[in-house]
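Q: Mind folding the following:
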Amino acid sequence: MDKEKQGLSQHQVDIFIGNLLRAGVIISASLVILGGAIYLFRRGFVLPDYKVFRGEPVELCHVRGIIKYAFSFHGRGLIQLGFLVLIFTPIARVILSVFVFLYQKDKLYVIVTCIVLAVLCYSLFGGR
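A: Numbers count the residues shown, from 1 in each chain. Next comes the predicted model:
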């Protein structure tokens, strides 16, 4: 039997992955733009005091706090969530590739893709 008749064709996989990447970037950009608009609407007229440095609030340094701020429609929380979505988009592509290669029963590419995923996760979560 022809491999393309058995399951997904390479063209279908490429289209699906392209749509996944496109959707991730569009969602990310939308969140950042919405968060920026909310932030500017609420705080755009406040003059900054450059004599005192104020970093991000501690809550916006962790995923749980970012999600809490984003769901309460704080501008900075939505901006941070947009960046998290942008960071997660290529990781989602690699995860999808693992499942596609598992479906296609391509053991070599499953192993290589899992190694790439492990390196990505290590660099994001464990490489301090």
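Q: What distance do you get for residue 126 to residue 107?
A: 26 Å (C-beta to C-beta, to the nearest Å). Bear in mind the C-beta positions are built from the backbone N, C-alpha and C, glycine included.
Q: typo on my end, residue 27
A: For residue 27, the distance to residue 107 - C-beta to C-beta - is 33 Å.
Q: Give me the more crowded residue out of these two.
A: Shown here are residue 27 and residue 107; by other C-beta atoms under 10 Å, residue 27 has more neighbours (15 against 10).
Q: Just give the closest residue to the more buried one, not the sequence neighbours.
A: residue 85 (5.5 Å; C-beta to C-beta, 6 or more residues apart in numbering).
Q: name the helices or strands packed onto the lengthiest helix in the chain?
A: Determined from DSSP state H, the single longest helix within the chain is helix 10-43. Applying 3 or more C-beta pairs under 8 Å, 6 or more residues apart in numbering; DSSP states H and E, we find helix 10-43 packed against helix 75-103.
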